[in-house]
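S.K.: generate coordinates for the sequence data below:
(one chain, ligands or ions: 1)
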Amino acid sequence: RNGLIVAIDGPSGAGKSTITRQLASILSYIYIDTGAMYRALALAVSRAGVSADADQQVLEICRQSELAFVRENGVSRITLNGEDVADLIRSPEISLLTSRIACKKAVRELLLVKQREMGKGGGVILEGRDIGTVVFPDADVKFFLSASAEERGRRRYLELKAKGEAVDLDQTVAEVIARDLQDENRDHAPLRQAEDAIAVDSTSLSIGEVVDGMVQVIEDRL
Ligand code: C5P
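M.R.: Next up is the predicted model:
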C-alpha cells in the first residue's frame, strides 16, 4: 500500500469536510467525500421525479448513475454522468432526500464496492458515516468527529447563508438533528463511532486546532 487509509466519520456539520480537505492537502492524500456520492445519487433520483419510497426505481437510477471525482484547481469535485454537480447537491432538500436514500441496503452496497475500490491502494482519507465501521473496518487511523447539535446547526446555517440562501437558524438546527436521527437509527450501516476510533469534539475548537491534532496522530502512525 501507498500510504495509510484514514477514516473520518461523524454527524453533519461537525466540520468533517473542511477538516478532511485540509488534512488531505497537508498529507498529499486523496480525499474521498462519500457523502457527496450519496448526495449525487439523491440528485439523480430527484431529477427523475421518482419517490424515495419506490425502492426498485431508486435502485435502478442509482445503478445507471456514473459517479466520479475530478480535480479542479486542486479541489476535488463530484460528477454525475460526466456533469459537475458539486454545487447542486448541497441544498437542504437534497440533504434530507440523501438521508432517505442512504438508508437503503442495495444503494449502500453499490457505493460500498466503489468506495473500497477507490480507497484500497492507501494514501487516502475517506469521510462519511460508516467508513470506520463498514467500508474500511481495518483502516489505519479512525476519527469520529462531532460537536453539539446547536453548534453544528449554527455552522450549517452560516455556510448556507454565505452562499446567499434564505435560511432560518432554528429550522437549520432542526434539519441537522432530523438528519442525524435518520442516519443513527437506520438498519444498515447506521452512524456510530467505531470502537477503535479516536473521538474528537470540535464544539469549542477551531478548524486549525482540530487539524493540527489529527495530523499529529496520523504522523505518529506513519
Ligand atoms: O456528509 P454529508 O452531509 O454530505 O452526507 C449526506 C448524507 O449522506 C448523510 O446525512 C447520510 O445520510 C449519507 N451518508 C451515508 N454514509 C456515508 C456518507 C453519507 O449514509 N458514508
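S.K.: who in the chain is up against the ligand?
M.R.: Remark: the part of the chain in contact with the ligand comprises 12, 34-35, 38-39, 98-99, 102, 128-130, 179, 183, using CB under 6 Å from any ligand atom. In short, each C-beta sits where N, CA and C put it, glycine included.
S.K.: of those, which belong to helices?
M.R.: Using DSSP state H, the members of those that fall in helices are 34-35, 38-39, 98-99, 179, 183.
S.K.: just say helix, strand or coil for the closest residue to residue 125 other than its chain neighbours.
M.R.: Counting by CB to CB, 6 or more residues apart in numbering, the nearest residue to residue 125 once its immediate chain neighbours are dropped is residue 6, at 4.4 Å. When the structure is reduced to helix, strand and coil (DSSP: H, G, I helix; E, B strand; the rest coil), residue 6 reads as strand.
S.K.: may I have the beta-bridge partners of residue 6?
M.R.: residue 125, residue 141 (DSSP bridges).
S.K.: ok, it - contacts?
M.R.: For residue 6, the residues meeting the contact criterion (CB atoms under 8 Å, 6 or more residues apart in numbering) are 23, 29, 124-126, 139-143, 218.
S.K.: now for the residues you listed: which two are most distant?
M.R.: Comparing every pair within the contacts of residue 6 by CB to CB identifies 29 and 142 as the most remote, at 14.7 Å.
S.K.: now the residue nearest the centre of the chain. Nearest residue, chain neighbours left out?
M.R.: The centroid of the chain falls nearest to residue 35 when counting by CA atoms, centre = their mean (3.0 Å). For residue 35, ignoring the flanking residues on the chain, the nearest one in space by CB to CB, 6+ apart is residue 128 at 5.9 Å.
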